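Q: sharing a model that was predicted from the sequence below.
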Amino acid sequence: MIAGALLPRAFYRRPVEAVAMDLLGQRLVRDEVVLRITEVEAYGGPEDSASHARHGQTARNEVMWGPGGHAYLYLCYGLHWMLNISTGESGEAAAILIRAAEVEAGLDTVLGRRRVRASRDLLAGPGRVAQGLGLDRAFDGHPLFGPGGLELREGVRPDRVRALPRVGIGFAAAADRERPWRFLDPDASSLSAPRP
DNA sequence: CACAGGATCGTT
DNA sequence: ACGATCCTGTGT
């Protein structure tokens, strides 16, 4: 599998929703595993009541406040690690949650980590994506413009992009719940619930 | 120091 | 529909 060039730092230093749309079709690479990103969600700074940055800077969300292009890993419900990518300039909080992906290479490694049979749901959900890549707290703050470790490389952009409200943020203000910051490739086989 | 609840998943 | 499982953020 030939993965494309590493995405440069400048790719991440743009408004979070623009980077989020442009992440669709790009490739997450770790060793022999290559994933194609099919679904993401954008999260902003203190003005976004759905974001981890809504209460300002904390030890957990520190990476969101740094320069774009770094992995932000956090534990959800005490069980699942979530992979996010920071965006923007240092001092602005923003990150993109990777919600679904498809395996382009390294299927055996991914199956071993997930401990399930192959199906279109193998990496359909943010906890599944991080588990398939073998990520946890050790990757918090890891640069993605590499080379080495976890990388983001150029892939094939989808023909279409669909924008929908974000998932699992019932606690947020109405305006933020309705914000269409969930972006997905409607032609992809791997999409998280609720499927469009 | 205590406590409530969460950007989910897998099974029932 | 529900329980797992633990860390974070907030308040006292």
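A: The structure has been received and is ready for your questions.
Q: correct me, but A:Ala3 touches A:Val34?
A: Yes: with contacts counted by CB atoms under 8 Å, A:Ala3 reaches A:Val34, the gap being 5.4 Å. (C-beta placed from N, C-alpha, C; glycine too.)
Q: those two: who's more crowded?
A: Between A:Ala3 and A:Val34, counting by other CB atoms under 10 Å, A:Val34 is the more crowded of the two (22 against 17).
Q: could you give the bridge partners of that one?
A: Note on A:Val34: beta-bridge partners A:Val29, A:Ala105, judged by DSSP bridges.
Q: distance of it relative to A:Trp81?
A: A:Val34 sits 20 Å away from A:Trp81, going by CB to CB, to the nearest Å.
Q: what of A:Leu133?
A: For A:Leu133, the distance to A:Trp81 (CB to CB) stands at 9 Å.
Q: the two: which is more packed in?
A: A:Leu133 (26 against 21).
Q: what's near enough to touch that one?
A: If a contact means CB atoms under 8 Å, 6 or more residues apart in numbering, then A:Leu133 has A:28, A:30, A:33, A:35, A:83, A:110, A:113, A:150 as its contacts.
Q: the same query, at a cut-off of 7 Å, please.
A: The neighbours of A:Leu133, taking CB atoms under 7 Å, 6 or more residues apart in numbering as the test, are A:28, A:30, A:33, A:83, A:150.
Q: A:Leu75: how many residues sit nearby?
A: Residue neighbour count, defined by other CB under 10 Å, stands at 14 for A:Leu75.
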